[in-house]
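In: 3D model of this:
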Amino acid sequence: MKEGANQQMNIKDIKDVILFQLDITSKQSKIYSQRIMDDAGMGITVEQWVLLKIVQESKGLSQKEIASKSYRDPASITRTLDILERKGFVIRVRDENDRRQYGIVLTKQGKDFVDEHMALVNDMRRLTVKGFSTEEVQMLVKLLKRIKENFS
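Out: Next up, the predicted model:
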């Protein structure tokens, strides 16, 4: 085991545990992002936004593929997609090769909604790395991916 791993095992204060810091950072970012989205009158949750972006970037994925890509359970994805469909942002399109499957795509209203709010979301993304150099951001991404891979 490497020295860094040994150090993490011997930590006495939970605030110094990497996984604890990742968890509270994630929660804090969701709270902040939701407040900004609410103040902007977007009318959706952070989770709904994440699914809209996945659908926009990956046109036609199935609900199962969206669940995998978003690291959420399929039942949660179904509920969220139902909400987004009622809002007119997405539609389910039957797969011609497998009539049991549906691809999820953005409607025009959904595309317009994403386009309209991208500047706000980009501002939130910039805040995430405020004060970081490009090299630090690249290293952080690399380190976070390695942590994720450790659990694979």
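In: Mind pulling up the pLDDT for the one residue sitting closest to the centre of the chain?
Out: Residue closest to the mean C-alpha point of the chain, counted by Cα atoms, centre = their mean, is Val50 at 4.6 Å. At Val50, the model reports a pLDDT of 96.
In: Next: Asn10.
Out: At Asn10, pLDDT is 74.
In: and it, what is it in contact with?
Out: Contacts for Asn10 (Cβ atoms under 8 Å, 6 or more residues apart in numbering) come out as none. Yep, even glycine has a C-beta here, placed from its N, CA and C like the rest.
In: residue ranges for the strands of the chain, please.
Out: Ranges of strands in the chain, per DSSP state E, are 61-62, 90-94, 102-106.
In: So which other helices or strands are in contact with the second one?
Out: Using 3 or more Cβ pairs under 8 Å, 6 or more residues apart in numbering; DSSP states H and E as the contact test, the elements touching strand 90-94 are helix 74-86, strand 102-106.
In: All the helices of this structure, in order from the start?
Out: In the chain, the helices defined using DSSP state H lie at 3-9, 18-39, 46-57, 63-70, 74-86, 108-128, 134-150.
In: Put together a markdown table for those helices, with distance to Arg94 on each row.
Out: Formatted as a markdown table, these follow (distance: least, Cβ to Cβ, whole Å):
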| stretch | distance to Arg94 |
| --- | --- |
| helix 3-9 | 49 |
| helix 18-39 | 32 |
| helix 46-57 | 16 |
| helix 63-70 | 13 |
| helix 74-86 | 14 |
| helix 108-128 | 18 |
| helix 134-150 | 34 |
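In: Arg99 is nearest to which of those?
Out: When those are compared by Cβ to Cβ, helix 63-70 sits nearest Arg99, at 14.8 Å.
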